[in-house]
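# Model the following, please.
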Amino acid sequence: MLNISPNSIQNSVDKSKFRSLFKVENQRSGKTLLRIMSVVFAIAGVIMFFPWTQNINARGKVTALKPEQRPQTIHSVIAGRIEKWFVQEGDLVEKGDTILFISEVKDEYFDPNLLNRTEEQLRAKEKAVKSYMEKVRSLENQIDAISQTRKLKLEQAENKLQQARLKVISDSIDFQASEINYEIAKEQFQRMEGLYEKGLKSLTNLESRELNMQKAHASMISVKNKLLTSKNEAINANVEINSIDAQYRDGLAKSESEKYTALSNMYDAEAVVTKLQNQYTNYSVRAGMYYITAPQDGYITKAIQSGIGETIKDGESIISIMPAKYDLAVEMYVKPIDLPLLEKGQDIRIQFDGWPAIVFSGWPNTSFGTYGGRVFAIDNFISESGEYRILVSPDPNDHPWPEALKIGAGTRNMVLLKDVPIWYELWRKINGFPPDYYKSESITSEKK
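From the prediction side, this is the model:
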């Protein structure tokens, strides 16, 4: 009973007849609860000192390790009109296989004989260049011939001038001799004239001496005339040299002018040839772009442009392709506060969407269904979402990733950090502290 009254009835009632009352008054639930709580707190206290692996959780997705192995779109380099498709979505194509054929839409390329006509223009200009080259060679030969003739003519004129100068010297000597003879004849005549006046010589002797004097004087005049003629010939020879030099210089200048004109025309023709060659090559390359081919082995995933007769612009996406061979990787994003804790080669545990897994974040060794990875690259700039991108490659020392894994699948990632007691990890999270910064011994040894 409640035992409110001071008059007790315990001794007056036989409790053995009341089974429920007997169990209630004789139970020990308080001691049992105390023992249970003590055991629980003891176990919790022991668990608090268990090791716990600090980690950073991040979402991600499966991608390809190399840029050329990731999904890509195929573009058309030129504008065109879709004429025929050779593939459909889901087909496996090899490098160089034709995907579709387009036709021309620009009027300057409509001519079906555009390449042939351009080639004919190119050949004609090449012949023009050859003609100018031959003309230049002919003019060079002409210049050489004129130069040689000028040299010979000048040598001939110089020889003639030398002869004239030698003749002037010879005539000058003769003139001096004739002057001496005239002076001698004149003195003899004067002496004879004196002797005649004295009566010592006859008139005949005087006349003879006078005649000799006149002959000497006439000879002197003749030689002087001859000397003047020789001087005129020397002057004429010198004038002839100047005339020959001027004449052939004029011919050389005219030939060189024609040569440079031909060279200028040849260079212009060569420039046109180069331009036509470039144009012909561009036309040839453009003709090969009508067939759009696969850049590498892969699967056709989606036709962005479809139909027949649809017009596409240059640089516009036509179809998307997934490379057939690729190395898998995981693309994950971490917060800026966690970025200093990451470095290349760090261990990552990955859970792929669609693959069952039992995950204990603090005890990665007891988890099931996770796969190993290592940090392959860390971006140095932040993404648009405000997080940093981390690229994770498979861990070669762990079991391989699933073969059925496809690019684009979602992942949950755990970056494994330092091992600490559980109580420390709880204390850290309650205070909002980041995980401890440290360098793994394996990463340090690999760097060494």
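# In a strand, residue 78, correct?
No: Residue 78 is assigned coil when assessed by DSSP: H, G, I helix; E, B strand; the rest coil, not a strand.
# do you know how far it is from residue 109?
To residue 109, residue 78 is 9 Å away according to Cβ to Cβ, to the nearest Å. For every residue, glycine as well, the C-beta is placed using N, CA and C.
# ok, these two, which is more surrounded?
The neighbour count for residue 78 versus residue 109, taken as other Cβ atoms under 10 Å, is higher for residue 78 (18 against 15).
# Please verify my assumption that that one contacts residue 288.
No: assessed by Cβ atoms under 8 Å, residue 78 is found out of contact with residue 288, at 10.4 Å.
# any shared contact partners between these two?
Overlap of the contact sets of residue 78 and residue 288 (by Cβ atoms under 8 Å, 6 or more residues apart in numbering) is empty.
# got any residues that touch both of residue 78 and residue 109?
What both residue 78 and residue 109 touch, as defined by Cβ under 8 Å, 6+ apart, is the set residue 286.
# Am I right that residue 128 falls within a helix?
Yes: counting by three-state DSSP, residue 128 is found in a helix.
# Residue numbering should commence at 17 henceforth.
Sure, I'll start numbering at 17, so the last one becomes residue 144.
# What is the neighbour count of it?
Using other Cβ under 10 Å: residue 144 sits among 17 other residues.
# Can you find the helix or strand of the protein with the lowest average pLDDT?
helix 457-463 (a mean of 52; mean pLDDT, DSSP states H and E).
# burial measure for the closest residue to residue 405 other than its chain neighbours, as a count.
Spatially, and ignoring its direct neighbours in sequence, residue 405 is nearest to residue 395 (4.4 Å; Cβ to Cβ, 6 or more residues apart in numbering). Residue 395 has 13 neighbours, counted by other Cβ under 10 Å.
# Thought residue 358 was touching residue 395, still the case?
No: if you go by Cβ under 8 Å, residue 395 and residue 358 don't touch, sitting 10.7 Å apart.
# what residues are shared contacts of the two?
Joint contacts of residue 395 and residue 358 (Cβ under 8 Å, 6+ apart) are residue 406.
# for the host helix or strand of residue 203, packing partners?
Assigning secondary structure by DSSP states H and E places residue 203 in helix 130-213. Packing contacts for helix 130-213, counted by 3 or more Cβ pairs under 8 Å, 6 or more residues apart in numbering; DSSP states H and E, involve helix 219-304.
# Mean confidence (pLDDT) on the helix it packs on, please.
Mean pLDDT, helix 219-304: 85.
# Direction included, what does the next helix or strand after that helix pair up with?
The helix or strand immediately downstream of helix 219-304 is strand 307-309, counting by DSSP H and E. Sheet pairing of strand 307-309 (DSSP bridges) gives strand 114-119 (antiparallel).
# quick one: the one helix or strand residue 442 maps to to chain centroid distance?
Assigned by DSSP H and E, residue 442 belongs to helix 438-447. In terms of Cα atoms, centre = their mean, to the nearest Å, the centre of helix 438-447 is set 55 Å apart from its chain centre.
# Would you indicate which residues of that helix are buried?
Of all the residues in helix 438-447, those buried under the rule 16 or more other Cβ atoms under 10 Å are 440, 441.
# before we move on, what about stretch 333-348?
334, 335, 336, 337, 338, 339, 342, 344, 345, 346, 347, 348.
# Over to stretch 279-288?
281, 282, 285, 286, 288.
# and the fourth one, what does it touch?
With Cβ under 8 Å, 6+ apart as the criterion, the residues that contact residue 286 are residue 145.
# same thing but 10 Å
141, 142, 144, 145, 148, 149 (Cβ atoms under 10 Å, 6 or more residues apart in numbering).
# quick revisit: centre of the chain to the helix holding residue 203, how far?
62 Å.
# Contact partners for residue 280?
residue 148.
# Return the distance of it relative to residue 271.
On the measure of Cβ to Cβ, residue 280 and residue 271 end up 15 Å apart.
# same question, residue 418
Residue 418 sits 85 Å away from residue 271, going by Cβ to Cβ.
# more neighbours, those two?
Taking other Cβ under 10 Å, residue 418 and residue 271 do not tie; residue 271 has more neighbours (20 against 13).
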